[in-house]
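In: what's the 3D shape of this:
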Amino acid sequence: IVRGPGLPKGRRVSGVVRTVDVYPTVCAYLALPTPDAIVGSPLLELGLEPVGPPTTSARFRTTAYLETFRPRLTHGWCELRGLRTDRWKLIDGPRYELYDLDADRAELVDLADREPAVRDSLAKLLDRVALLAAHQGASTAGEVEIDDEMAEKLLSLGYVTPRGRRISSETGGERSLKSEKKGYLSATSVAMSPESLAVWLYAPEERGRALGLPHPAERVQAAQDRIVARSFYTSAVGLLEDGNPQEAAARFRIAFEKSPQFTDAYLGFVDAALRAGHREAAVECLKLAQKELASDERIATRLEGLLDGSE
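Out: Reported below is the predicted structural model:
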């Protein structure tokens with residue numbers, strides 16, 4: 001809800017609104033330029049125009065990039081990313097989820113398998129937007145003068161950890177926060193660890209490094225590999241249904257080589273190999289899958305069945 005002198009009354013912004021748009025909107029309302037490092041745009045439907053050149057490409061103003069590390073930090077699970085457009089919402093986690101917000105605002109019906117073209121195009125756009133945000137939101141941290149009281153408050157809130165409790169004194173030496181009455185806390189001493197709230201102060205690329213995630217470029221490649229893997233998997237399923245297990249097995253193999261966490265690709269290869277009479281190949285595939293997916297019950301059950309002769 002936005003209210004202020006000169007703003008239109010009773011108007012509803014129908015497009016995608018992101019939290020990163022709040023700062024640019026306030027800047028535009030106050031006729032102030034938006035800092036270059038800001039990722040976001042003023043809400044044009046309120047009649048506001050940015051002062052100076054836009055900080056975000058027009059192509060990405062109608063998309064919202066989403067990410068959360070909470071499942072990883074609190075449950076040891078998996079970080080989640082997502083992308084929202086006027087109509088669609090894509091979630092990238094252990095597997096893709098896709099929702100049509102026009103027909104399913106409660107997000108109850110997952111269309112990832114039924115709409116592969118939409119899913120794959122949004123997955124590509126997701127990584128482009130993520131890289132744009134990482135590059136545009138990066139900034140060089142400086143030094144902030146603080147006293148002991150402020151340092152202890154930062155420590156209690158989790159913004160500084162014991163490993164980072166050092167400050168540079170005005171004479172150039174380093175002392176502990178408790179022994180120095182006043183000094184400079186370098187931004188590099190802010191804790192870049194999953195246990196510290198300070199991880200959210202950094203650009204996505206830096207957060208990824210702190211949490212042990214791959215570099216954004218590697219994540220782009222991994223996402224592209226998943227898309228390719230799904231394409232080969234889909235074609236392999238069709239070939240198997242058409243009675244061509246040899247070619248299907250070859251495509252299932254490409255799918256799990258491109259995406260080693262793709263359980264269904266391994267199991268598809270097993271089905272194809274068994275139909276082609278290659279039982280040993282099926283067993284070897286499951287042993288390989290078990291190395292990649294040690295906790296996957298479907299892989300373990302299928303391998304046990306082949307080894308004990310029950311399948």
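In: what about the stretch 201-311 of the chain, any weak spots by pLDDT?
Out: Scanning the stretch 201-311 of the chain for pLDDT under 70 picks out 201-217, 219-220.
In: which residues of it fall in helices?
Out: 204-210, 216-241, 245-258, 263-275, 279-292, 297-307 (DSSP state H, counting those that start in this stretch).
In: tell me which strands and helices the last one is in contact with?
Out: For helix 297-307, the helices and strands in contact under the criterion 3 or more C-beta pairs under 8 Å, 6 or more residues apart in numbering; DSSP states H and E are helix 263-275, helix 279-292. C-betas here are computed from N, CA, C, even on glycine.
In: looking at those helices, which is buried most?
Out: Stretch with highest mean neighbour count among the helices and strands packed on helix 297-307: helix 263-275 (a mean of 22; mean count of other C-beta atoms under 10 Å).
In: counting by contacts, list what it packs against.
Out: When contacts are defined as 3+ C-beta pairs under 8 Å, 6+ apart, helix 263-275 packs onto helix 216-241, helix 245-258, helix 279-292, helix 297-307.
In: show me what that helix is in contact with.
Out: For helix 263-275, contacts defined as C-beta atoms under 8 Å, 6 or more residues apart in numbering pick out 229, 232-233, 236-237, 240, 245-246, 248-249, 252-253, 255-256, 259, 279, 281-282, 285-286, 288-289, 293, 296, 298-299, 302, 306.
In: one more pass at 7 Å, please.
Out: The contact list for helix 263-275, computed with C-beta atoms under 7 Å, 6 or more residues apart in numbering, reads 229, 233, 236-237, 240, 245, 248-249, 252-253, 255-256, 259, 281-282, 285-286, 289, 293, 296, 298-299, 302.
In: can you select the buried ones among these for me in PyMOL?
Out: Per 16 or more other C-beta atoms under 10 Å, the buried members of the contacts of helix 263-275 correspond to this PyMOL selection:
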select buried, resi 229+233+236+237+240+245+248+249+252+253+255+256+259+281+282+285+286+289+293+296+299+302
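In: re the thing from before, and the helices and strands packed on helix 263-275 as CSV, adding distance to R105?
Out: As requested, these are exported to CSV (distance: least, C-beta to C-beta, whole Å):
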stretch, distance to R105
helix 216-241, 26
helix 245-258, 33
helix 279-292, 37
helix 297-307, 33
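In: closest to P42 out of these?
Out: helix 216-241 (26.7 Å; C-beta to C-beta).
In: so which elements touch the closest one?
Out: Packed against helix 216-241 by the contact rule (3 or more C-beta pairs under 7 Å, 6 or more residues apart in numbering; DSSP states H and E) you find helix 116-136, helix 245-258, helix 263-275.
In: where does pLDDT dip in the stretch 1-150 of the chain?
Out: 37, 53-61, 72-78, 130-146.
In: tell me which stretches of it form strands.
Out: For the stretch 1-150 of the chain, strands defined by DSSP state E, counting those that start in this stretch occupy the ranges 64-68, 80-84, 88-92, 96-100, 143-147.
In: rebuild these as TSV, extending it with mean neighbour count and distance to G15.
Out: Output for the strands of the stretch 1-150 of the chain, formatted as TSV (neighbours: other C-beta atoms under 10 Å; distance: least, C-beta to C-beta, whole Å):
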stretch	mean neighbour count	distance to G15
strand 64-68	17	10
strand 80-84	20	11
strand 88-92	21	14
strand 96-100	20	17
strand 143-147	14	37
